[in-house]
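>>> sharing a model that was predicted from the sequence below.
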Amino acid sequence: MKLWQKGVIAIFVAQLLSVLILLLVGAKIFESAVAEASRAKLDSTVAMLAKAVESPLLAFDLAGLDEMAQGAQGLAQVSAMRVLDADGQALASSAGWSAAANPLTATRAIAIAGVRYGAIEVAFTENWLAATKRQIGSAVAAVALILILASGALAAALGWTISRHTAALTDGARRLRDGDFGFRFAENRRDEFGETARVMNAMAARIQGATETLERKVEERTAALAQNEAQLRAVIENAPLAISIKGRSGRFLRVNEAFASVFDRTVAEIEGRAAKEVLPEEVAERMDRHDAVSLTHGRPHQLEAAVETGAGERVFLVTRFPVFDEDGDLVALASIAADISERKAMESALSEAKSVAEQRLDALEAAKDQLVESEKLASLGGLVAGVAHEINTPIGVAVTASSHFTESAERISGAYEADTLSQDDFEAFLSETRQTADIILRNLDRASGLIQSFKMIAVDQSSSEIRDADLHDYIDNILFSFAPKLRAAQVSASNIAPRDITISADLGALGQVIGNLLSNSMLHAFADRDGGEITISAEQDGDMVTLSYSDNGCGMPDDVVAKIFDPFFTTKRGNGGSGLGMHIVYNIVTQSLGGSIKCHSTFGRGTSFHIRFSARTPAIDKPALTPDQCRLEQAG
Amino acid sequence: MAKQKFALAAALFLGVATAIAGGAAPAGAKTLSFGVVPQQSPPRLARLWTPLIADVAARAGVAMRFTTAKDIATFEARLYAGEYDLAYVNPMHFVRAETAAGYRALARAQDHALRGVIVVAADSPFVTLADLDGAAVAFPSQNAFGATLLNRLAFADAGATIRPEFVRSHDSVYRAVAAGGFAAGGGVPRTFGAMPADMRAGLRVLYETRGFSPHAFAGHPELPRDVAAHIVDALIALAQTDDGRRILDDLRLKPLTAATSGDYADIRAIDAALSEFGR
């Protein structure tokens, strides 16, 4: 059964039910409505009769009234009537008047200008109401029947119309479905079918347009795709890399000549086959293993793979990566392999060279450390030599005086034994003795002082302990121990450090620094000239002390200043310079004193060093610096 | 004894009931009938006269009810038989009722003469009564005093012989002439003036008779004299209040005054001539 037929039947049944329900539910309403209508009709009948009776009543026309009363019986549903005067006396009655016999009566006064002239009483036939109900009921039933028939006919007509147009729309829609997008519906109707036809025509036009556009785009895309494919193939074919693409099944989708040639195969032999079918077993297994990794992680990874080929073992850098479609699903695994055999060989050679170089460097470092230690000892040795030379003089004088005193004593003793000792001789001997003793004492005192000084310096340089000292005095001691060298070089050194600076530091380290600076000045600054001046000053700034050392020697060019603290940097390599003196200074200042050192120099004018360190070095036992640490400090 | 008590109770009850129904009417008094000549339809007459009757009844302290008859002939028969306690009648009816049943003249319009008017269609060519010789002329009834008798007397005096037709009421006369059914019609100034304006516009007054004594308020000879005196006072008093004047205006009546039998001598003089036209 078609939809329109169902619709028509549904409408018809619905209307039938509506009418039936209306009749059933409205029965009571009908009854009261009918009663009301009956009462209204009754009232209008009585009103009409009252009007008619007015004239004969007012004219006291009894014959007229009687005629009316009898005539009223002729009216539909009126059974009897009588007319009363103002006093309620019956003036006229229709034959057979009996109010008691008929319960349905109506009374109406006849009054004019507020004065009652009489009344009428009208009796209605018993079945009047029932008849009226029947009359209305049959009218309602007739209307209901007409309604049902009309609605049935209307529903059928509507259904037929709808079916005709829906069939046309369905046929058209079917043609559109079958791809006949050129088809158009008739648009001549002004109703919903016309509207639907217009909408569907617009839709068909859009589909037609969209289809044409789509076909054109497909062609364009196909051409573009072919071009892309050609480009891709050209790239793959010409790349100096072994390229392979595998599908999810594990079979090669595409490989290039470079790939095939690694395995002494042709492209045709490999494409469409699995690795284990066409490649060496060991290679195929390795590939499968790496495929599993790619599948698991889903991201590119690189590996190096050695493959045994006809031309010997070759090493490849293989980049493997998954290929995803637009939905992010993995569709292929690709690999690009570059032959890095040469590079590997070079890397290996380099590695060996590096290893040799490192060994040599280690040896160099060891040599340097040895040199540093040697230099330290050398400076100590220089110090000992200087001190020995200094002591030599007073001791020598003392020895000479002692030997002279011994000679004098033997001479006086001989004279005494020979009893040739004169008073003058004895007095001369006593005077000589006093003089000699005085010379010996003075020179021994001087030697003692020197030894004291040397002892202090030597102890300081060979140990690293924190001690308290007056800076000025300490500088004096150092200058004192260097006095012979300075004198020999005709260099005057002045200590202008204030006397109130007390430091608690590794004095040995500080002494070695000042000693190295003094040696440096004499070796370099004053090498080409006679005489010069060295000034050592200091100033305190809270806990920090700045010690300034300056000479008025030859100075240095900037490039030399820049490298002055570098190890093994020397301008007198051939003349015995080790190039470690200033490096040691730098290390001691930064490590043992925990301070910093800066060098300023003006070529031809002189050089100055500014050493800044804490006046209260923490009492920690610093380990000796390793060569590595030296390098690190230098770099920093 | 019990019967007498019942009768007394019934009489008392009826009296109270009547008093309630009739307003100011004295207990046990008879309702007086007030007959009006049916020159118009009974309901219309009733609507016009009921206010006056109610007012006079209240002032005079009596119960009074309007009545009329189905036609003038019936009215005349009842009048001459003395069936109405009170009646408003034309002068000819009065003089004949006086003769037949002994009615007394109680009141009449003051300074008012009764005249007849002969109307024709406004666009008709008639100029004198003689022009209507031989024409059909409408009258309300055979014995209508002003409208029929005075006008027929005028036609006779003018030597015009007309064909009288009786159409039962003044309204019918005017309507019939306006509708072209008759060349002319007989009426009185009062009823003609009471016609709707558009109806009057279609008509033209061709002739107006000389004045005669007006209609009379007549009393039955058995009406007690004191009651009659109260009613005359009440009728005269109408013109002295606004309500009363309005009632008189609605009836196109002039202020009323007491009337005597002598006021109607002029009518008696022409009664013989009038008899030629009436019954």
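Noted; the coordinates are in hand.

>>> now for the one helix or strand residue B:229 maps to, which elements pack on it?
Using DSSP states H and E, residue B:229 sits in helix B:225-237. Secondary-structure packing of helix B:225-237 (3 or more CB pairs under 8 Å, 6 or more residues apart in numbering or on different chains; DSSP states H and E): helix B:42-60, strand B:104-109, strand B:216-219, strand B:256-258. In this view, the C-beta of every residue, glycine as well, is placed from N, C-alpha and C.

>>> would you reformat these as CSV and include mean pLDDT and mean neighbour count?
Formatted as CSV, these follow (pLDDT from 0 to 100; neighbours: other CB atoms under 10 Å in any protein chain shown):
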stretch, mean pLDDT, mean neighbour count
helix B:42-60, 92, 21
strand B:104-109, 93, 22
strand B:216-219, 94, 26
strand B:256-258, 93, 19
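
>>> let's have those in CSV, adding distance to residue A:488.
CSV is the format used below for the helices and strands packed on helix B:225-237 (distance: least, CB to CB, whole Å):
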stretch, distance to residue A:488
helix B:42-60, 173
strand B:104-109, 186
strand B:216-219, 188
strand B:256-258, 184
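
>>> of the ones you listed, which is nearest residue A:521?
Smallest distance to residue A:521 across those (CB to CB): 160.4 Å, for helix B:42-60.

>>> close to chain A, is that closest one?
Yes: Helix B:42-60 lies within reach of chain A by CB under 8 Å from any CB of the partner chain, at B:42, B:43, B:45, B:46, B:47, B:50, B:51, B:53, B:54.

>>> list the contacts for the third one?
Each residue near residue B:45 by CB atoms under 8 Å, 6 or more residues apart in numbering or on different chains is listed here: A:58, B:36, B:38, B:39, B:66, B:68.

>>> list the contacts for the second one?
Spelled out, it's residue B:36. Residue B:36 makes contact with B:45, B:49, B:66, B:67, B:68, B:87, B:88, according to CB under 8 Å, 6+ apart.

>>> of all the residues you listed, which two lie farthest apart?
For the contacts of residue B:36, and using CB to CB, no pair is farther apart than B:45 and B:87, which are 12.7 Å apart.

>>> residue B:137 should be in a strand, yeah?
Yes: with DSSP: H, G, I helix; E, B strand; the rest coil as the criterion, residue B:137 is assigned to a strand.

>>> that one bridge partners, please.
Going by DSSP bridges, residue B:137 is paired in beta bridges with residue B:164, residue B:184.

>>> can you give me the strands in the stretch 151-279 of chain B?
B:163-166, B:184-187, B:203-208, B:216-219, B:256-258 (DSSP state E, counting those that start in this stretch).

>>> for those strands, which one sits closest to residue A:180?
For the strands of the stretch 151-279 of chain B, the distance to residue A:180 is smallest for strand B:203-208, at 89.5 Å, taking CB to CB.

>>> adjacent strands (with direction) for that closest one?
Applying DSSP bridges, strand B:203-208 is found paired with strand B:117-121 (antiparallel).

>>> contacts for the partner strand next, please.
B:126, B:129, B:132, B:137, B:151, B:154-155, B:173-174, B:177-178, B:180, B:183-189, B:192, B:202-209.

>>> out of these, which end up buried?
B:126, B:129, B:132, B:137, B:151, B:154-155, B:173-174, B:177-178, B:183-189, B:192, B:202-204, B:206-209 (16 or more other CB atoms under 10 Å in any protein chain shown).

>>> residue contacts, residue A:547?
Residue A:547 neighbours (CB under 8 Å, 6+ apart): A:471, A:497, A:536, A:537, A:538, A:610, A:611, A:612, A:613.

>>> so which bits of the one helix or strand it maps to are buried?
Element membership for residue A:547 (DSSP H and E) is strand A:544-551. Using 16+ other CB under 10 Å as the test for burial, strand A:544-551 gives A:545, A:546, A:547, A:548, A:549, A:550, A:551.

>>> and for stretch A:183-190?
Across stretch A:183-190, burial judged by 16+ other CB under 10 Å covers A:183, A:184, A:185.

>>> how about stretch A:152-172?
A:152, A:155, A:156, A:159, A:162, A:163, A:165, A:166, A:172.

>>> ok, the residues you listed vs chain B, which is closest?
Nearest to chain B among the buried residues of stretch A:152-172: residue A:152, at 55.3 Å, using CB to the nearest CB.
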